[in-house]
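*Asks:* coordinates only, sequence not included:
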C-alpha cells in the first residue's frame, strides 16, 4: 500500500478518526459501516478530512487537512503502485513545481506522468 491516511468527518470531528479504507482491504460492507458511523455516507461527497498521511511519497503530506472523498482517496492510493521506474520521483517533483495541494490535482498530475515519461503501462 502506498499510504495510510486517518480520516475524520470535516464537519463533525467529534465523530472520531478512522483509517482510510485504502490502508487495508476490509470487506466493503465493513468499510461502509465505519464511514457511516462517522457521518460520511456518500463516497462522492468531499466530506472526509485527511488528518495525516504515512507514505513513501512525502509530497502526499500536502493532503493533510484537505477535504476529499472516499473514491478519490482510494483511487490515489492505488495509482502509484503502477508507476514505472522514475515516475514516483517525477510525481514528487511535479506537485511542488505546479503548486498542487488538492487531491483532484494530484490525480490529474498522476495521469499526466506517463505522458511525460513515455511509460504507458498504467493507462
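*Replies:* Perfect, thanks for sending it. Quick caveat, the model's predicted, so the values are computed rather than measured.
*Asks:* what about stretch 39-50, distance to the chain center?
*Replies:* Relative to its chain's centre, stretch 39-50 lies at 13 Å (CA atoms, centre = their mean, to the nearest Å).
*Asks:* With stretch 50-60 instead?
*Replies:* Using CA atoms, centre = their mean, the mean C-alpha position of stretch 50-60 is found 9 Å from that of the whole chain.
*Asks:* average pLDDT for that stretch?
*Replies:* Stretch 50-60 shows an average pLDDT of 85 in the prediction.
*Asks:* just stretch 106-117 next, same as before
*Replies:* Mean per-residue pLDDT for stretch 106-117: 73.
*Asks:* just checking, residue 57 touches residue 89?
*Replies:* No: Residue 57 is not in contact with residue 89 according to CB atoms under 8 Å; the separation is 9.6 Å. (Each C-beta comes from the backbone N, C-alpha and C, glycine too.)
*Asks:* Show me which of these two is the more surrounded one.
*Replies:* Per other CB atoms under 10 Å, whichever of residue 57 and residue 89 has more neighbours is residue 57, with 17 against 11.
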